[in-house]
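Visitor: mind folding the following:
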Amino acid sequence: MKQVERYIRHILLLIIICVGSGALMAQGIDFRRFTLPCGVRVLLHSNPHAPVVSVGLMYRSGLNDQPSNLEGINDMVALLRINSSRHLEDGEYADILETYGGNSMYSVGHDVTFFCDNFSANMLNGAIWLAAEKTAECMASEEEFEKYYTQVKRNLKRGVEEKTDVDLLYDMVQTVNMRLVTQFTEYDEGLDLSVVQHYERAYFTPDKAVLAISGMIDIDSTAKAVKEMFAFLPDTNYGEDVRPSFFTVNNAPQDSLITHSGNVIGVGDGILAVRDDSYRVDTVYRRTDRRSVIMAWQIPPYTDPQAEVFDFIGTVLAAQGGRLREALMKESNMAVGVEYIGLPMSRASVFAIKITADDDIPLSDIVQEVNSQMETLKMRNITQEELIQALNTSSMAMWQDISTNEGMVRYLSSAELMYGNASVMNSRLDRMNRITADEVREVVHRFLRADNMKTFYILPSSMKK
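Guide: Residues are numbered from 1 along each chain as shown. Here you go, the predicted structure:
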């Protein structure tokens with residue numbers, strides 16, 4: 001999950017960054033886009049530098065789409081798609097990877113589920129065939145379902161100490177992002193095969209899928225192979241019309257849904273539901289030797305133009321040479337690490353600063369310094385040096401992440417699903433170059449406020465009494 005969110009954060013960089021150089025600006029991503037009769041959107045990118053290919057399949061369904069009574073259902077669909085297809089029995093998928101030297105992965109993020117197979121280029125047709133297998137409904141038996149449900153339940157039992165920073169930040173805005181579909185709220189706690197199949201027909205249909213291929217491919221012949229291997233999927237309307245209900249977060253009592261049968265479905269503890277300031281600070285104990293503090297703000301969804309400013313702000317504050325990093329790590333020696341975390345989502349996103357404290361430095365002193373730096377951003381112009389640094393740092397991260405075929409298919413798929421057309425990657429490359437100091441100040445004033453912030457103190461387990 002964390003890996004998917006990392007790439008989604010960087011897809012925003014790809015969309016918004018002008019790299020400050022005419023030569024690099026000319027390096028738009030060249031790809032072919034078309035839609036199959038079954039509804040699958042296809043993105044093909046040729047990379048002739050190495051004889052390998054990555055074939056990715058992404059669906060617009062993730063943690064935000066599952067109500068609390070169906071926890072783990074996206075993982076169940078993903079595991080059954082991989083292990084129980086029309087032509088492959090349980091275990092055969094892994095045998096193919098081992099026999100032909102490929103590797104595979106799947107990840108469930110907050111807004112997407114992503115599959116990817118990586119093979120030598122001479123296995124392209126086989127990789128396309130495997131993607132087509134994963135696009136059809138799973139054919140799992142009850143025995144297979146129980147096998148993988150046991151695995152999912154085991155993973156869901158992670159303790160708080162195992163939660164990542166991204167998990168903590170997602171929990172902060174879960175209420176705001178939760179999209180409950182009424183036909184799934186009546187199910188009892190726990191999953192069975194029929195519920196998973198019902199959910200699959202609503203969210204994992206061909207018309208909700210993006211297929212992206214990057215590597216040493218011939219675009220024309222690859223397009224032909226895709227059309228041939230996906231031809232078994234009928235040209236028809238799929239599944240249910242998923243019309244999510246959005247639940248208010250104006251006050252806490254409205255953050256639960258009582259179904260017609262009387263069951264209470266919790267939808268989380270989003271920060272906007274919290275009016276009592278005492279709930280804006282959480283202490284988390286982990287297996288760590290260092291104390292850290294995460295200061296997090298709820299910000300607009302990634303489709304809001306103002307959301308594009310936050311990666312810029314994060315770079316100015318926390319990148320090498322950034323204001324906050326310099327103040328905490330060099331000028332005062334209060335911290336041994338400073339970083340920012342972006343978690344873009346479809347309803348409400350998160351911007352956060354994480355500071356790892358030096359020994360014996362009070363975390364309250366660090367919080368005070370962060371607040372001081374935020375106030376400075378509201379008043380002082382961003383310098384030309386900071387602008388150049390932000391552009392260079394972001395562009396380097398962007399090009400590094402798309403330097404692999406798997407990174408490229410993630411980017412293409414994410415842009416297609418988030419914005420409706422991956423071509424936006426090239427049409428908005430100069431957005432960051434047009435961010436002004438006034439715009440930064442406005443965004444900081446509007447969103448990086450104390451009453452829109454939650455603080456997490458990360459303490460070593462040994463400090464827990």
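Visitor: shaky segments in the stretch 351-465 of the chain?
Guide: Of all residues in the stretch 351-465 of the chain, those with pLDDT under 70 make up the ranges 394, 427-433, 465.
Visitor: how many residues are close by the nearest residue to residue 63 once chain neighbours are set aside?
Guide: Spatial nearest neighbour of residue 63, excluding adjacent residues (Cβ to Cβ, 6 or more residues apart in numbering): residue 110 at 4.9 Å. For every residue, glycine as well, the C-beta is placed using N, CA and C. Using other Cβ atoms under 10 Å, residue 110 is surrounded by 24 other residues.
Visitor: again with the one 4 residues further on
Guide: If you count neighbours by other Cβ under 10 Å, residue 114 ends up with 27.
Visitor: doesn't it belong to a helix?
Guide: No. Judged by DSSP: H, G, I helix; E, B strand; the rest coil, residue 114 forms no part of a helix; its state is strand.
Visitor: ok, now which ones touch it?
Guide: Contacts for residue 114 (Cβ atoms under 8 Å, 6 or more residues apart in numbering) come out as 4, 56, 57, 58, 59, 106, 107, 410, 413.
Visitor: who's it bridged to?
Guide: Going by DSSP bridges, residue 114 is paired in beta bridges with residue 58, residue 107.
Visitor: over to the one 5 residues further on?
Guide: Partner residues in beta bridges with residue 119: residue 53, with DSSP bridges as the criterion.
Visitor: related to what we said a few turns ago, out of the contacts of residue 114, flag the one nearest to residue 318.
Guide: Closest approach to residue 318 among the contacts of residue 114 (Cβ to Cβ): residue 4, at 22.0 Å.
Visitor: in the contacts of residue 114, which has the lowest confidence score?
Guide: Within the set of these, pLDDT is lowest for residue 4 (48).
Visitor: ok so, going back, which ChimeraX command selects the buried ones in the contacts of residue 114?
Guide: Command for ChimeraX that selects the buried part of these, burial taken from 16 or more other Cβ atoms under 10 Å:
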select :4,56,57,58,59,106,107,410,413
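Visitor: which one of the contacts of residue 114 is nearest residue 169?
Guide: Lowest distance from residue 169 to the contacts of residue 114 (Cβ to Cβ) belongs to residue 4, with 14.3 Å.
Visitor: coming back round to it: ok, so of the contacts of residue 114, who is nearest residue 332?
Guide: Ranked by distance to residue 332 (Cβ to Cβ), the contacts of residue 114 are led by residue 4 at 35.9 Å.
Visitor: tell me how this protein divides into domains.
Guide: Per the record, the chain has its domains at 2-237, 277-463, by automatic domain parsing.
Visitor: okay, now the unreliable bits of this structure?
Guide: In the predicted model, the chain carries pLDDT under 70 at residues 1-27, 159-161, 180, 189, 237-279, 394, 427-433, 465.
Visitor: hmm, 50 instead?
Guide: 1-2, 4-26, 247-254 (pLDDT under 50).
Visitor: ok, back up a step: so the residue nearest to residue 63 belongs to a strand, correct?
Guide: No. Per three-state DSSP, residue 110 lies outside any strand segment and is coil.
Visitor: and the gap between it and residue 65?
Guide: 9 Å (Cβ to Cβ, to the nearest Å).
Visitor: repeat that for residue 326.
Guide: According to Cβ to Cβ, residue 326 stands 41 Å off from residue 65.
Visitor: of those two, which one has the most company?
Guide: Between residue 326 and residue 65, residue 65 has the larger neighbour count (other Cβ under 10 Å), namely 27 against 15.
Visitor: got the contact list for that one?
Guide: 74, 179, 181, 203, 244.
Visitor: looking at the residues you listed, which are in helices?
Guide: 74, 203 (DSSP state H).
Visitor: nearest to residue 30 among the contacts of residue 65?
Guide: For the contacts of residue 65, the nearest to residue 30 is residue 203 (31.1 Å; Cβ to Cβ).
Visitor: helix or strand for the residue nearest to that closest one when sequence neighbours are not counted, just tell me which one.
Guide: Nearest non-adjacent residue to residue 203, counting by Cβ to Cβ, 6+ apart: residue 61, 3.9 Å away. Assessed by DSSP states H and E, residue 61 sits outside every helix and strand.
Visitor: looking at it, residue 61 is touching residue 204, isn't it?
Guide: Yes. Applying Cβ atoms under 8 Å as the test, residue 61 and residue 204 come out as touching, 6.5 Å apart.
Visitor: anything in contact with each of those two?
Guide: Shared contacts of residue 61 and residue 204 (Cβ under 8 Å, 6+ apart): 77, 113.
Visitor: picking that back up, show me the contacts for the residue nearest to residue 203.
Guide: Applying Cβ under 8 Å, 6+ apart to residue 61 gives the contacts 74, 77, 112, 113, 203, 204, 208.
Visitor: just send the residues you listed back as a markdown table, with distance to residue 404 and neighbour count too.
Guide: Below are these laid out as a markdown table (distance: Cβ to Cβ, whole Å; neighbours: other Cβ atoms under 10 Å):
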| residue | distance to residue 404 | neighbour count |
| --- | --- | --- |
| 74 | 25 | 28 |
| 77 | 26 | 24 |
| 112 | 18 | 27 |
| 113 | 20 | 26 |
| 203 | 28 | 23 |
| 204 | 26 | 27 |
| 208 | 26 | 19 |
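Visitor: of all those residues, which comes closest to residue 400?
Guide: Nearest to residue 400 among those: residue 112, at 21.2 Å, using Cβ to Cβ.
Visitor: can you tell me how far the closest one is from residue 216?
Guide: 26 Å.
Visitor: next one: residue 178
Guide: Remark: distance between residue 178 and residue 216 (Cβ to Cβ) = 42 Å.
Visitor: for residue 184, same thing?
Guide: Counting by Cβ to Cβ, the gap from residue 184 to residue 216 is 42 Å.
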